[in-house]
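Peer 1: Generate a structure from the sequence data that follows.
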Amino acid sequence: MIAVTARDGGPRTDLSDLVRRRRLELGLSWRSLSAACVDPEQKERGSLWGRTTLDTLSRGGHIKTPKLPELRALAAGLQLTLGEVQEANGSQFYGVDTVWSADGEVRALVEGYREMSPEDQVRVREFVESRRRVKRV
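Peer 2: Numbers count the residues shown, from 1 in each chain. Have a look, this model is predicted:
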């Protein structure tokens, strides 16, 4: 696992927080969530997440960085889009934050966005908004 730290010096826990929150919202046990974590593109493989691994992840413990099939399976189990799970994964394991335009049409993946000064964050958001206005051919 790659250790990515937050501005306060602690580890990033975006995916851990998402798993913990969403499991509670859905009212699932760890066993039920584990059973639901099947990659829709490789159903024959069955569940790609064990309940112990999911619990460890939700507590911010060390796990191997998930690959795309595991992320698809986790998205299915949490009943979220793959993009939502990928964003949380990128933040926690790689320190990459997604910055969206106001209309949700344009996004930028920015390493260390949260650790930037407020002024630099404004510049990034302005850049993303400027891309929204570029005429597409």
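
Peer 1: which non-adjacent residue is nearest residue 36?
Peer 2: Distance criterion CB to CB, 6 or more residues apart in numbering; nearest residue to residue 36, sequence neighbours excluded, is residue 77 at 3.9 Å. All C-beta atoms are positioned from the backbone trio N, CA, C, and that covers glycine.

Peer 1: In what element of secondary structure is that neighbour found?
Peer 2: Taking DSSP states H and E as the criterion, residue 77 maps to helix 68-78.

Peer 1: Which neighbouring elements make contact with that helix?
Peer 2: Contacting helix 68-78 under the criterion 3 or more CB pairs under 8 Å, 6 or more residues apart in numbering; DSSP states H and E are the following elements: helix 14-26, helix 30-36, helix 82-89.

Peer 1: The second one packs against which elements?
Peer 2: Looking back up the chat, that one is helix 30-36. Taking 3+ CB pairs under 8 Å, 6+ apart as the contact cut, helix 30-36 packs with helix 14-26, helix 51-58, helix 68-78.
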